[in-house]
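Q: Curious how this folds, go ahead:
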Amino acid sequence: MFVNVNARRPQQARFSGVLGGLSRSQVAASEFRYRRGTEIYGEAEPADYVYQVVDGAVRSYKLLSDGRRQIGAFHMVGDIFGLENCASHRFTAEAIIDTTVRLMKRESLEQVAEKDAIVARDLLNMTTSNLQHAEDHMLLLGRKTSLERVAAFLLEMDRRLQAAEVMALPMSRRDIADYLGLTLETVSRALSQLHAQGILEFLGQTQRQIVLLDRVALAQLDL
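A: Got it, this is the predicted structure:
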């Protein structure tokens, strides 16, 4: 289920982060609220819009022919997603928790980029960043051990969530497993091993709140 939180009035875009230049260009945008587990767009659907996470978190994934799910990326607050180099989406995007998403028409963005050098630069930076993430993820899936993968994931989330003390993960261990190409049991064993080594501590019953006690030791595992 989703709700248009500004259905009665158009809103001027206040994109932050990599597309901050859009605020100068007065690009119309709308905000939608998606409940946990709700699909934002599906694989092979027309890629007519570009999205930014206002609050919450989103996962992009593919379902393989044998029914397995491979998560390609997690999108956090401020992240832009859904910008494709073709006419349709290559992944399905879904709200991990209750999430607000800002969206604008891809055609409008492309028109602004043709006239605004700042927006064009921001789009190039975003494309380069997405390519780098895809390359890093490919290396992680192809060459790293299970413990190295979990360590790399925790370091990525620590960097992106910018948690001063407690890192609150919005995703489940199943999500983490599908992102890292591991089983749920393997992810749980790796986290338990890191806990036993004094590298991290868990808070709360769900154990989604993590305190990194030794970032240096964790980084040494991410070879």
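Q: Pass me the low-pLDDT residue ranges in the protein, would you?
A: Along the chain, the parts satisfying pLDDT under 70 run over 1-26, 223.
Q: ok, which stretches of it are strands?
A: 2-4, 11-12, 28-34, 39-41, 49-55, 58-63, 69-75, 80-81, 92-95, 99-105, 166-168, 200-203, 209-212 (DSSP state E).
Q: so what does the fourth one touch, helix or strand wise?
A: Using 3 or more Cβ pairs under 8 Å, 6 or more residues apart in numbering; DSSP states H and E as the contact test, the elements touching strand 39-41 are strand 92-95. For every residue, glycine as well, the C-beta is placed using N, CA and C.
Q: what packs against the strand it packs on?
A: Contacts defined by 3+ Cβ pairs under 8 Å, 6+ apart place strand 92-95 against strand 39-41, strand 58-63.
Q: Let's have these in JSON lines, adding mean neighbour count and distance to R33.
A: As requested, the helices and strands packed on strand 92-95 are exported to JSON lines (neighbours: other Cβ atoms under 10 Å; distance: least, Cβ to Cβ, whole Å):
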{"stretch": "strand 39-41", "mean neighbour count": "20", "distance to R33": "11"}
{"stretch": "strand 58-63", "mean neighbour count": "19", "distance to R33": "13"}
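Q: Any chance of the ones you listed in a markdown table with distance to D158 as columns?
A: Formatted as a markdown table, these follow (distance: least, Cβ to Cβ, whole Å):
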| stretch | distance to D158 |
| --- | --- |
| strand 39-41 | 26 |
| strand 58-63 | 18 |
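Q: Setting aside sequence neighbours, what's the nearest residue to D55?
A: T100 (5.0 Å; Cβ to Cβ, 6 or more residues apart in numbering).
Q: With L184 instead?
A: A177 (4.8 Å).
Q: same check, this time on A73
A: Looking at A73 with Cβ to Cβ, 6+ apart, the closest residue is S60, at 4.8 Å.
Q: List the contacts of the one you found.
A: Under the criterion of Cβ atoms under 8 Å, 6 or more residues apart in numbering, the neighbours of S60 are I71, G72, A73, F74, H75, F81, F91, T92, A93, E94.
Q: doesn't L169 make contact with the fourth one?
A: By that I understand F74. No: counting by Cβ atoms under 8 Å, L169 is not a contact partner of F74; they are 9.4 Å apart.
Q: Comparing those two, which residue is more hemmed in?
A: Remark: of F74 and L169, F74 carries more neighbours, 24 against 21, as counted by other Cβ atoms under 10 Å.
Q: how close does the residue nearest to A73 get to R215?
A: Per Cβ to Cβ, to the nearest Å, S60 is found 27 Å from R215.
Q: All good on my end, thank you.
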